[in-house]
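Q: The sequence isn't on hand, but the structure is:
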Ligand SMILES: CSC[C@H]1O[C@H](OP(=O)(O)O)[C@H](O)[C@@H]1O
């Protein structure tokens, strides 16, 4: 078993085909942007941070093989390819944020007369490669902040029972994960009694991917059907829910995997703290509320078939939104690499958080 979704070294990129997990662990070579777009769009690679990292690395692979006499030719190619990669999936903001950052960076290199075309190419590729380590570092910070926030709500030494949804671990990021990183930190601190996680129909990120990660790491956990969540919170005294995010609006409304909203409603009813775990690159201050977030709808075959076996009657009509939006009023805290914030604090912190994002080593 491996938990490395992304393998990158010296201009060579491979990704784990997550459509085949858990039955088969197979890596796909990514030779350029077209390959990157396809594996993201088909969800062979998925997860908001992983989408941005694989998309940008596919560009790094492609331009590393080319020679640019003119800086402007390199800048034009980078801008066009990044805008193309954004189109692979619309809801997660991380690819758009990374593209905006990289376009700003390459424009600054283009405008710096002391930088040659070759140096511009090398520094641009290095900036993308830095995304891998930064994501892992951010995830470990998110994990520590999130575990501390959850443990602050219980008595000293008490072990906690948490619920998570979808897959937000090493298979959704460069490694370690966001919400699942919080679970890993609770387990490392010997404070996790059990992690309940949903199967997450129809792609089954929970049953196929989160189960794969938690079994691999020998973390105490229990798989539940999506329909079990309300009964679980009624009977199992869940201490906290922690989920990931694809796009957090400026007011804290959060787009995440379909089913997150109903879990938040049930958590509110049972007075269970509900946390969103996400890096700052998932916060979109250009979107005021969740009403403005585009929700991706996926092909209905993803509902009517499992492993190419039909489970729904031919001719059936389906609705398959891949995400929903949880209103900020249902969210206790947003766990980032800079700390845990109430949704209402995001807008007041916007300048600080924006400055931090801008201070990133160019990503
Ligand atoms: C670490 S955030 C992962 C985020 O992305 C997932 O969506 P998908 O599997 O469709 O890419 C889900 O919403 C997770 O919370």
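A: Here it is on my side, so go on. Bear in mind the structure is a predicted one, so any value in this text is a computation, not a measurement. Numbers count the residues shown, from 1 in each chain.
Q: Which residues does stretch 109-117 contact?
A: Here stretch 109-117 makes contact (C-beta atoms under 8 Å, 6 or more residues apart in numbering) with 68-72, 74-75, 119-120, 123-124. Every C-beta, even on glycine, is put in place using the N, C-alpha and C of the backbone.
Q: From the residues you listed, pick the one nearest the ligand.
A: Closest approach between these and the ligand, by C-beta to the nearest ligand atom: residue 124, at 25.3 Å.
Q: How many residues are close by the residue nearest to the closest one when sequence neighbours are not counted?
A: Spatial nearest neighbour of residue 124, excluding adjacent residues (C-beta to C-beta, 6 or more residues apart in numbering): residue 106 at 5.5 Å. For residue 106, the neighbour count with other C-beta atoms under 10 Å is 24.
Q: swap in residue 304?
A: Residue 304: 18 surrounding residues under other C-beta under 10 Å.
Q: From the ligand, how far off is it?
A: The gap separating residue 304 from the ligand is 18 Å, by C-beta to the nearest ligand atom, to the nearest Å.
Q: again, but for residue 135
A: Separation of residue 135 from the ligand (C-beta to the nearest ligand atom) stands at 10 Å.
Q: name the element residue 83 belongs to?
A: In this assignment (DSSP states H and E), residue 83 forms part of helix 71-86.
Q: residues touching the residue nearest to residue 124, list them.
A: Residues in contact with residue 106 (C-beta under 8 Å, 6+ apart) are 74-75, 78-79, 120, 124.
Q: change it to 7 Å
A: 75, 78, 124 (C-beta atoms under 7 Å, 6 or more residues apart in numbering).
Q: packing partners for the helix or strand encompassing residue 37?
A: For residue 37, the element it lies in under DSSP H and E is helix 33-41. Judged by 3 or more C-beta pairs under 7 Å, 6 or more residues apart in numbering; DSSP states H and E, the packing partners of helix 33-41 are strand 27-30, helix 48-64, helix 71-86.
Q: And what about residue 256, helix, strand or coil?
A: strand (DSSP: H, G, I helix; E, B strand; the rest coil).
Q: which residues does it bridge with?
A: Beta-bridge partners of residue 256, counted by DSSP bridges, are residue 324.
Q: if I pick it, what's in contact with it?
A: Contact partners of residue 256, counting by C-beta under 7 Å, 6+ apart, are 243-246, 323, 326.
Q: ok, what's across the strand from residue 14?
A: Per DSSP bridges, the residues bridged to residue 14 are residue 7, residue 29.
Q: Roughly how far does it sit from the ligand?
A: As for residue 14, its distance to the ligand is 19 Å (criterion: C-beta to the nearest ligand atom).
Q: Also residue 50?
A: 7 Å.
Q: Kindly give the local confidence score, pLDDT, for that residue.
A: In this prediction, residue 50 carries a pLDDT score of 98.
Q: and the gap between the nearest residue to residue 36 once chain neighbours are set aside and the ligand?
A: Leaving aside its sequence neighbours, residue 36 sits nearest to residue 58 (C-beta to C-beta, 6+ apart; 2.6 Å). The spacing between residue 58 and the ligand, counted by C-beta to the nearest ligand atom, is 16 Å.
Q: Residue 113 too?
A: For residue 113, the distance to the ligand - C-beta to the nearest ligand atom - is 40 Å.
Q: List the contacts of the nearest residue to residue 182 once chain neighbours are set aside.
A: Spatial nearest neighbour of residue 182, excluding adjacent residues (C-beta to C-beta, 6+ apart): residue 146 at 3.4 Å. Residues in contact with residue 146 (C-beta under 7 Å, 6+ apart) are 182, 185, 242, 275, 277, 335.
Q: Alright, that wraps it up for me.
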